[in-house]
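Asker: Need coordinates for the below:
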Amino acid sequence: MSILGMIARGLVSGAVGTAAMTASELLEMSASGRKPSTVPGQVGAHLLPGRDPDSTADAEALNTAVHWAHGITMGALRGVLDAAGLRGPTASAVHFALLWTGDATLYRALGIAELPWRWTAAELRADLGHKAVYATVTGLTYDALRARAEEAREVVRA
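Answerer: Numbering: from 1, shown residues only. Modelled structure (predicted):
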């Protein structure tokens, strides 16, 4: 299995994981009354030339696109973990830890959020919970696609 194939499988899995995370966020917001986060859009406004990180309009305009782009591209990391020999639940746990730590570090570095131990319990619970949904669904999807590819190779060999 090539590294490019693993990364491509990760990208597809990241899209499925992002869809699941988006659904969990919508359900949680509906139940809790929490307003949608604009953190993805704020990150995009910080990183994209011509955007103002202090502009609510820029953050809102970028929010959905950055949310999906980030989720899909972070799926590639799941493929890289496979290439490194990590599979199954172990790879999903490492993926979650890398994703969450990287995101929290980036948010702090850009001045978007405080360090996680200064977040409210509700903020921490929501962020950890939704990223756990993402990592779990991305991992399950990746593992299923990998197994399907292995089965197809076996059929071709037979």
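Asker: Would you state the helices of the protein in chain order?
Answerer: 3-32, 39-47, 56-83, 88-109, 121-157 (DSSP state H).
Asker: quick one, which of the ones you listed is packed in tightest?
Answerer: With neighbours taken as mean count of other Cβ atoms under 10 Å, the helices of the chain reach their highest mean count in helix 39-47, at a mean of 22. Glycine gets a C-beta too; all of them are placed from N, C-alpha and C.
Asker: follow-up on the earlier one: tabulate the helices of the chain (JSON lines), appending mean pLDDT and distance to L115.
Answerer: Listed next are the helices of the chain as JSON lines, based on pLDDT from 0 to 100; distance: least, Cβ to Cβ, whole Å:
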{"stretch": "helix 3-32", "mean pLDDT": "97", "distance to L115": "22"}
{"stretch": "helix 39-47", "mean pLDDT": "95", "distance to L115": "15"}
{"stretch": "helix 56-83", "mean pLDDT": "97", "distance to L115": "20"}
{"stretch": "helix 88-109", "mean pLDDT": "97", "distance to L115": "6"}
{"stretch": "helix 121-157", "mean pLDDT": "94", "distance to L115": "11"}
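Asker: Please give me every residue in contact with the residue nearest the centre of the chain.
Answerer: Note on the chain: the residue nearest the mean C-alpha position is G71, at 3.7 Å, using Cα atoms, centre = their mean. Neighbouring residues of G71 by Cβ atoms under 8 Å, 6 or more residues apart in numbering: G14, A15, G17, T18, M21, Y134.
Asker: cutoff 7 Å now
Answerer: Applying Cβ atoms under 7 Å, 6 or more residues apart in numbering, we find G71 in contact with G14, G17, T18, M21, Y134.
Asker: Repeat that for P53.
Answerer: Q42, A45, H46.
Asker: L140: which of the contacts of G71 is nearest?
Answerer: G17 (8.8 Å; Cβ to Cβ).
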